[in-house]
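Asks: next comes the sequence, and after it the predicted model I'd like to discuss.
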Amino acid sequence: MFRSPAVPRVRKRSRPAESAVPGRQEVKFEDVRLYLVERKMGSSRRSFLTQLARSKGFIVDDTLSDVVTHVVSEDSQASSLWTWLKGRALKNLPAMHVLDISWFTDSMKEGRPVAVETRHLIQDALPKMTPPTPVARISQYACQRRTTTENNNKIFTDAFEVLAETYEFNEIEGPCLAFRRAASVLKSLPWAVRCLGATEDLPCLGEHSKAVMEEILQHGQSFEVEKILSDERYQTLKLFTSVFGVGPKTAEKWYRRGMRSFSDVLTEPDVRLNRMQQTGFLHYGDISRAVSKPEARALGNIIDEAVHAITSDAIVALTGGFRRGKEFGHDVDFIVSTPQEGKEEGLLTAVIGRLKHQGIVLYCDYQASTFDISKLPSHRFEAMDHFAKCFLILRLEDSQVEGGLSRAEGDRRSWRAVRVDLVSPPMDRYAFTLLGWTGSRQFERDLRRYARMERRMLLDNHALYDKTKKEFLAATTEKDIFAHLGLEYIEPWQRNA
């Protein structure tokens, strides 16, 4: 939901006995354990910040031990803080995040643990130690790794993404998947790879991947990747596929016909653009630009109001990269449903009608539901599920966005076009849809692979089927699905694989 909570007219003083009772608050972030250093902070402020964090679902330990993951301090003297920490005889100190209070403040503002950035760190005076976690324990499956938006190995993963993309353009699936898996593993590491020896026991890193990494470590770049980036075909396919509605095959066809620019395509009399491609070129400047989190929130308010004008018990859930904690995305995805069985039928068409009546629909591609429970389980995964869905481009006004629109340089318009995708599953399929639409793509791919290879189950956006028991497994939450698969639950913000 995107409604702001109502402000009470009268503030009542909470009773100290209630506020001090431990264990009342729901724990939302089980893998993060905070310890607030009292030095320089003071006991009363520490008590206040502890209660604040716990009220937002954080675990805050009263004593410093090896289970703590994040140490937060207001001590500006790094040397004295680290001297004190090293005197605690902690075995796990090298693996802990030792952080300035700014990380705590940012996390309280977001309502979740934000990614640790360099500006948050209180640096140790000692040289960096070798990776604190035994790399042999890192799983080959992304669904068994926790991957935040913080990427300590971007120099390698960017190179792997270019290689994966060029193999995708050439329709060579094997190496494409191999480089994406390799990138996924490196993204999950809480430390930066400084030498090739540190990758010895990491899964999914083949000889080609390691050769690229070695070249980057020695020369600061991969000559193979630099050659691809300067290749005319790669540049052209990259340009054409950036247009809404243009896939690799269409881009390849245009390239082979000698086209190299948008003007070549738009002035070629034999090119017949479909409606999606026409819209893609018309609004290219807007929809090729990243969507910010405030813009996503504003769109959430628009969708929420439209849906609840139709039915008061509706559920509107933000999914995709923004649910995983990203600050920017290429579009905004929502699940729209209702607890009443069958009432979701016709919900999307009614929502689209209201949006059109508001005059903000610039493009609409509605696809009716083809979901049929009798055709499950499907032994072949399909990229698109069978629920009712709609691909929209909406007009978003500057006045609707907190802080205003993120504008391109020189753009003085009061609005921009933004891509919005809606899907409407029945409520008994909601958990599977939420899991599938949250992503990331590699996380979902490995989740399905794990289900098939390790558990003899079939998973998609519709259902989870146990081939051994020959039965469907019901789930009302994502945690139910993880439990059926025998996996530890991974929060959405840790699925950025």
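Replies: Noted; the coordinates are in hand.
Asks: surely Val418 is in a helix?
Replies: No - with DSSP: H, G, I helix; E, B strand; the rest coil as the criterion, Val418 is assigned strand and is not in a helix.
Asks: what residues of stretch 259-271 count as buried?
Replies: Met259, Asp264, Val265 (16 or more other Cβ atoms under 10 Å). Where C-beta positions appear, they are placed from N, C-alpha and C, glycine not excepted.
Asks: what mean pLDDT does that stretch get?
Replies: Model confidence over stretch 259-271 averages 97 on the pLDDT scale.
Asks: neighbours around Ala142, how many?
Replies: Other residues near Ala142 come to 29 when the count uses other Cβ atoms under 10 Å.
Asks: pLDDT at Ala125, what is it?
Replies: Note for Ala125: predicted pLDDT of 53.
Asks: what of Glu74?
Replies: pLDDT, Glu74: 88.
Asks: equivalent analysis for the one 3 residues further on, please.
Replies: Per-residue confidence (pLDDT) for Gln77: 78.
Asks: tell me the span between the first and last residue of stretch 462-477.
Replies: 13 Å (Cα to Cα, to the nearest Å).
Asks: where does Thr63 fall, phi/psi-wise?
Replies: Here the main-chain torsion angles of Thr63 (degrees, to the nearest 10) amount to phi -120, psi 150.
Asks: could you find the closest non-adjacent residue to it?
Replies: Distances taken as Cβ to Cβ, 6 or more residues apart in numbering place Tyr35 nearest to Thr63, at 7.6 Å, with adjacent residues excluded.
Asks: please work out which residues outside the helix or strand hosting that neighbour touch it.
Replies: Using DSSP states H and E, Tyr35 falls within strand 33-36. With contact meaning Cβ atoms under 8 Å, 6 or more residues apart in numbering, strand 33-36 is reached by 46, 49-50, 53, 58-61, 63-64, 67-73, 104.
Asks: so which residues of the stretch 301-450 of the chain form helices?
Replies: 320-323, 347-357, 430-438, 441-455 (DSSP state H, counting those that start in this stretch).
Asks: export those helices to TSV and tack on mean pLDDT and distance to Thr148?
Replies: Compiled in TSV, these are given as follows (pLDDT from 0 to 100; distance: least, Cβ to Cβ, whole Å):
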stretch	mean pLDDT	distance to Thr148
helix 320-323	97	13
helix 347-357	97	33
helix 430-438	97	14
helix 441-455	96	12
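Asks: on that earlier part again, just the CA trace of the strand holding Tyr35, in PDB.
Replies: Extracted in PDB, the C-alpha atoms of strand 33-36 (Å, rounded to 0.1, in the frame of the first residue of the first chain):
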ATOM      1  CA  ARG A  33      22.400  -8.000  14.200                       C
ATOM      2  CA  LEU A  34      23.300  -4.600  15.400                       C
ATOM      3  CA  TYR A  35      25.400  -3.500  18.400                       C
ATOM      4  CA  LEU A  36      25.400   0.200  19.300                       C
END
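Asks: domain parsing for this structure?
Replies: 23-120, 135-228, 231-282, 291-429, 436-494 (automatic domain parsing).
Asks: what sits against Ala251?
Replies: Phe169, Thr236, Leu237, Phe240, Thr241.
Asks: other SSEs contacting the helix or strand where the third one lies?
Replies: Translated: Leu237. Element membership for Leu237 (DSSP H and E) is helix 232-241. Judged by 3 or more Cβ pairs under 8 Å, 6 or more residues apart in numbering; DSSP states H and E, helix 232-241 is in contact with helix 154-169, helix 248-256.
Asks: and the angle for the shortest one with helix 232-241?
Replies: Same thing as helix 248-256. 130 degrees (axes from the mean of the first three to the mean of the last three Cα atoms, to 10 degrees).
Asks: would you put the C-alpha positions of helix 248-256 in CSV?
Replies: Listed next in CSV are the C-alpha coordinates belonging to helix 248-256 (Å, rounded to 0.1, in the frame of the first residue of the first chain):
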residue,chain,number,x,y,z
PRO,A,248,17.7,-9.0,-30.6
LYS,A,249,16.2,-10.6,-33.7
THR,A,250,14.7,-7.4,-35.0
ALA,A,251,17.8,-5.5,-34.2
GLU,A,252,19.9,-8.1,-36.0
LYS,A,253,17.6,-7.8,-39.1
TRP,A,254,17.9,-4.0,-39.2
TYR,A,255,21.7,-4.3,-38.8
ARG,A,256,22.0,-6.8,-41.7
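Asks: what about it, average pLDDT?
Replies: Averaged across helix 248-256, pLDDT comes to 97.
Asks: after it, next one along is what?
Replies: Scanning onward from helix 248-256 (DSSP H and E), the first element met is helix 262-267.
Asks: show me how far that next one is from its chain's centre.
Replies: In terms of Cα atoms, centre = their mean, to the nearest Å, the centre of helix 262-267 is found 34 Å from the chain centre.
Asks: go on, stretch 443-458?
Replies: Using Cα atoms, centre = their mean, the offset of stretch 443-458 from its chain centre is 19 Å.
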